[in-house]
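> please work out how this folds:
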Amino acid sequence: MSQQDDVQEGPSTSTDGTKPVSAILDGTFFSILSQTPDGKVQAECKLCTKKKAVISGTLLATSHFKTHLKRLHPDSLDDFERHKTECRPNYSGKKINTPIGRPAFLNTQ
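Numbering: from 1, shown residues only. A predicted model of the protein is given here:
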């Protein structure tokens, strides 16, 4: 799974209202604390009870957040996968390979 697989195309947007927020950053598992204009975010884990963990990542590359869930909250990973599916019901998980056209300079004879 690529780091961009978690981006949803629903109504949730980043704190500046411009970029779609991934299912993992929509407020269910992590709360965004800060965000830079280029999409870097710091988010607090809502599942950590003793000491709140602050994880850094980006809006498009959410592997740090998912890794946190895998390592510290493995029982919640299934809940996250279910939540991600609910956020993106039409997502098949398959990448669509669109053919790249032949460069114009190769078409000359």
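> output the contacting helices and strands for the lowest-mean-pLDDT helix or strand in the chain.
In the chain, no helix or strand scores lower on mean pLDDT, DSSP states H and E than helix 77-87, which sits at a mean of 88. Helices and strands touching helix 77-87, as assessed by 3 or more C-beta pairs under 8 Å, 6 or more residues apart in numbering; DSSP states H and E, comprise helix 63-72. Every C-beta, even on glycine, is put in place using the N, C-alpha and C of the backbone.
> now the helix it packs on: average pLDDT?
Summarised as a single mean, pLDDT over helix 63-72 is 93.
> list the buried ones in it?
Using 16 or more other C-beta atoms under 10 Å as the test for burial, helix 63-72 gives 63, 65, 66, 68, 69.
> and if you look at stretch 42-51?
Applying 16+ other C-beta under 10 Å to stretch 42-51 flags 43, 45, 47 as buried.
> so what sits opposite the first one in the bridge?
Put plainly, it is residue 43. residue 32, residue 55 (DSSP bridges).
> now for it: which residues touch it?
Shown in contact with residue 43 (C-beta atoms under 8 Å, 6 or more residues apart in numbering): 25, 30, 31, 32, 33, 54, 55, 57, 65.
> wait, the second one touches residue 66, no?
No. With the criterion set as C-beta atoms under 8 Å, residue 30 and residue 66 do not qualify as a contacting pair; they are 10.2 Å apart.
> got any residues that touch both of the two?
Any residue near both residue 30 and residue 66 by C-beta under 8 Å, 6+ apart counts here, and that gives residue 24.
> how much space between the residue nearest to residue 31 when sequence neighbours are not counted and residue 55?
Spatial nearest neighbour of residue 31, chain neighbours left out: residue 44 (5.0 Å); criterion: C-beta to C-beta, 6 or more residues apart in numbering. Residue 44 sits 8 Å away from residue 55, going by C-beta to C-beta, to the nearest Å.
> give me the common contacts of those two.
Shared contacts of residue 44 and residue 55, defined by C-beta under 8 Å, 6+ apart, comprise residue 30.
> okay, now the unreliable bits of this protein?
Within the chain, the stretches with pLDDT under 70 are 1-20, 88-109.
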